[in-house]
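J.: Any chance you could fold what I've pasted below:
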Amino acid sequence: MNHIEKARELFLKGYNCAQAVFVAFSDVTGISEEQAFLISTSFGGGMGHTGEACGAATGMYMAVGAVLGYKDFTDADAKKQHYKLIEDLSEQFKAEFSEIRCPELLAKLDKGEYEVPADEAYKNRPCLIFVEKAAELTENLLKKR
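T.: This next block holds a predicted model:
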């Protein structure tokens with residue numbers, strides 16, 4: 001099972017979007033699934049249902065940070081390079097959905113602005129398209145590294 005399939009499976013089991021993406025990459029982050037579930041708990045629903053960044057995107061950022069993040073806070077170049085990676089991921093996510101904030105994504109989803117597969121899974125949990133895209137973008141980036 002690849003990371004996209006794992007994220008899909010976790011989300012359809014009922015885990016939040018951030019958990020689904022972050023935990024799917026436990027095998028490469030070195031963080032146990034149990035710890036990854038706990039770390040990402042608060043990020044679902046746009047940061048704990050506050051309407052901020054999409055949980056799938058934050059799960060993506062956490063996974064990338066765990067693998068490619070910087071450790072030396074004095075290394076300005078490492079910080080710059082890492083933030084550029086995150087900026088690029090955000091732009092790729094927005095290229096697909098034009099947004100990254102949960103309320104706007106949900107509003108466009110409700111209006112039918114995104115092409116959602118007819119699969120029954122999407123009827124029950126339509127944010128699955130965001131989870132799958134975040135996992136795909138993460139997978140693609142990590143394969144390049």
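
J.: give me the low-pLDDT residue ranges for the chain?
T.: Across the chain, nothing is flagged by pLDDT under 70.

J.: those strands in it, which residues are they?
T.: Counting by DSSP state E, the chain has no strands to list.

J.: Near the closest residue to Cys17 other than its chain neighbours, how many other residues are there?
T.: Among residues not flanking Cys17 along the chain, Gly55 sits closest, at 3.7 Å (CB to CB, 6 or more residues apart in numbering). Any C-beta I mention is one placed from the backbone N, CA and C, and that applies to glycine too. Close neighbours of Gly55, defined as other CB atoms under 10 Å, add up to 30.

J.: In this protein, where's the longest helix?
T.: Secondary structure of the chain per DSSP state H: the longest helix is helix 76-97.

J.: Next, the residues that contact it from outside, please.
T.: Outside helix 76-97, the residues that touch it by CB atoms under 8 Å, 6 or more residues apart in numbering are 54, 57, 60-61, 64-65, 68-70, 72-73, 100, 105, 108, 114, 130, 133-134, 137-138, 141.

J.: next one: stretch 15-35
T.: Taking CB under 8 Å, 6+ apart as the rule, stretch 15-35 contacts 3-4, 6-8, 10-11, 36-37, 39-45, 54-56, 58-60, 62-63, 66-67, 127, 130-131, 134-135, 138, 142.

J.: Mind giving me the ChimeraX select for the contacts of helix 76-97, buried ones only?
T.: In ChimeraX, this line selects whichever of the contacts of helix 76-97 come out buried by 16 or more other CB atoms under 10 Å:
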select :54,57,60,61,64,70,100,105,130,133,134,137,138,141
